[in-house]
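Peer 1: Just the structure for this:
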Amino acid sequence: MNKVHAVYENGVFRPTVPVELPEHCKVEFEPRLVNDTGDRQQGLDEVYGVLAERYTSGESDVSARHDEHQP
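Peer 2: Next comes the predicted model:
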């Protein structure tokens, strides 16, 4: 079985995707806090910022300047 991601709500761990296990079976796991939504969103915001800047620049061939800032 692969990793199972879950959300802890009202004293219960709720898997975020369906899990194929028999009803009422016992499982063992070690909870570990995961903060992937904030980091991912911040990264996406940065990417979208760069893309928006490039889009509004009016320059249609950005590949022509791909090595402009390379050492």
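
Peer 1: Let me see the ranges of the strands in the chain.
Peer 2: Secondary structure of the chain (DSSP state E): strands at 6-9, 12-15.

Peer 1: list the helices and strands the first one packs on?
Peer 2: This means strand 6-9. Applying 3 or more Cβ pairs under 8 Å, 6 or more residues apart in numbering; DSSP states H and E, we find strand 6-9 packed against strand 12-15. Where C-beta positions appear, they are placed from N, C-alpha and C, glycine not excepted.

Peer 1: Quick one: list the elements packing against the strand it packs on.
Peer 2: Partner elements for strand 12-15 (3+ Cβ pairs under 8 Å, 6+ apart): strand 6-9.

Peer 1: Tell me how far the strand it packs on lies from the chain's centre.
Peer 2: How far strand 6-9 lies from its chain's middle: 17 Å, per Cα atoms, centre = their mean, to the nearest Å.

Peer 1: By mean pLDDT, point me to the weakest helix or strand of the chain.
Peer 2: Counting by mean pLDDT, DSSP states H and E, the weakest-scoring helix or strand in the chain turns out to be helix 36-56, with a mean of 73.

Peer 1: so where's this protein shaky on pLDDT?
Peer 2: For the chain, the stretches with pLDDT under 70 are 1, 36-42, 62, 65, 69-71.
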